[in-house]
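> Next one to model:
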Amino acid sequence: MVFPKIKRSVSTGDIQRCCRFKSLSGRRWKYGPSRGQDCILFLVDRDIKLLGVCLFGSENSTYSVELMVRDLKRFKVLVLKTGTFSSELLQGNKFTYFGVKVLFDNEQVLLEKKTLYEIEAKITGPDSTCGDNGDQFVTCSGVTFKFSNTYSSNGTNIQKGQFPELMFSL
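Take a look at the predicted model:
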């Protein structure tokens, strides 16, 4: 049997995950059209490929999600992913939680070091858990992520809220 010499774009071993919270919060996070969006700014100290974003959810729940990643240096939308996602039990680096994985599939979302990016999510669905004790600087697999606050009408910021994990490859 002959195997191709071309490496697959992403295998399970290539996916790195960066968790930005130290713990889960005891409070519930609310969603819906009147709640607006959850947003966070970040930059990285190495060039990486962003593969997807994990969002908090709740057990046996479904969420309608519109997730956008923007390059604020070039004022460009890098990816817009919409759909309905079912929550599942996810094993994070620091804790286990119910959430959804929004994967970018075949889209190339290349992030350059020292460039400011924004993740924005409009979520509709049942209340969920949320993260707490977030860090401004998080190093994962040799990449340092720096998170910053931006206007988030649903309340996500460095310290608390959405976007528990960013999935990436080097």
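> The residue nearest the centre of the chain sits in which helix or strand?
The centroid of the chain falls nearest to residue 53 when counting by CA atoms, centre = their mean (2.8 Å). Per DSSP states H and E, residue 53 falls inside strand 48-56.
> Where do the strands of the protein begin and end?
Ranges of strands within the chain are 16-19, 21-24, 38-44, 48-56, 62-71, 76-86, 88-91, 96-103, 110-111, 117-124, 131-134, 137-140, 143-148, 165-169, based on DSSP state E.
> could I get the ones you listed as JSON lines with distance to residue 30 and mean pLDDT?
All C-beta atoms are positioned from the backbone trio N, CA, C, and that covers glycine. What follows is these, written out as JSON lines (distance: least, CB to CB, whole Å; pLDDT from 0 to 100):
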{"stretch": "strand 16-19", "distance to residue 30": "22", "mean pLDDT": "95"}
{"stretch": "strand 21-24", "distance to residue 30": "16", "mean pLDDT": "95"}
{"stretch": "strand 38-44", "distance to residue 30": "11", "mean pLDDT": "97"}
{"stretch": "strand 48-56", "distance to residue 30": "12", "mean pLDDT": "97"}
{"stretch": "strand 62-71", "distance to residue 30": "12", "mean pLDDT": "97"}
{"stretch": "strand 76-86", "distance to residue 30": "18", "mean pLDDT": "97"}
{"stretch": "strand 88-91", "distance to residue 30": "20", "mean pLDDT": "96"}
{"stretch": "strand 96-103", "distance to residue 30": "16", "mean pLDDT": "96"}
{"stretch": "strand 110-111", "distance to residue 30": "30", "mean pLDDT": "98"}
{"stretch": "strand 117-124", "distance to residue 30": "10", "mean pLDDT": "97"}
{"stretch": "strand 131-134", "distance to residue 30": "15", "mean pLDDT": "96"}
{"stretch": "strand 137-140", "distance to residue 30": "26", "mean pLDDT": "96"}
{"stretch": "strand 143-148", "distance to residue 30": "22", "mean pLDDT": "98"}
{"stretch": "strand 165-169", "distance to residue 30": "21", "mean pLDDT": "96"}
